[in-house]
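*Asks:* pasting a predicted model and its sequence here:
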Amino acid sequence: MKYLTYTIQIQPSAEGYITRVPALPGCVAIACTYEQCVLIAYELIDRCLSRLVLRGQPIPIEPEHPRALAITVPDPLPVIC
């Protein structure tokens, strides 16, 4: 069995969180929590890939898998009272 790896992006929105798969245009879902986005990502990708297969379109392969990490640093601006 062949496995494919896709990067997902999760962003907060007014409705909760939006999950996107940049390598699969139109592959988007909304969930209430960040954790739900991660859980539904597998089904989201499966549905998007199945739709491409049914339409006879090629399956996009993501050649590199970028990693993003958010870090928090102190604000360098002085606090003015």
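*Replies:* Structure's in. What do you need? Remember, it's a predicted structure, so these values are computed and weren't measured experimentally.

*Asks:* CA only for contacts and neighbour counts going forward, please
*Replies:* Will do.

*Asks:* which strands and helices sit next to the helix or strand harbouring S50?
*Replies:* When elements are assigned from DSSP states H and E, S50 belongs to helix 34-54. In terms of contacts (3 or more Cα pairs under 8 Å, 6 or more residues apart in numbering; DSSP states H and E), helix 34-54 is packed against strand 16-20, strand 28-31.

*Asks:* would you list those in CSV and tack on mean pLDDT?
*Replies:* Compiled in CSV, the helices and strands packed on helix 34-54 are given as follows (pLDDT from 0 to 100):
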stretch, mean pLDDT
strand 16-20, 93
strand 28-31, 93
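
*Asks:* what bridges to the nearest residue to Q9 once chain neighbours are set aside?
*Replies:* Closest residue to Q9 apart from its sequence neighbours, by Cα to Cα, 6 or more residues apart in numbering: R20 at 5.1 Å. Partner residues in beta bridges with R20: Q9, V28, with DSSP bridges as the criterion.
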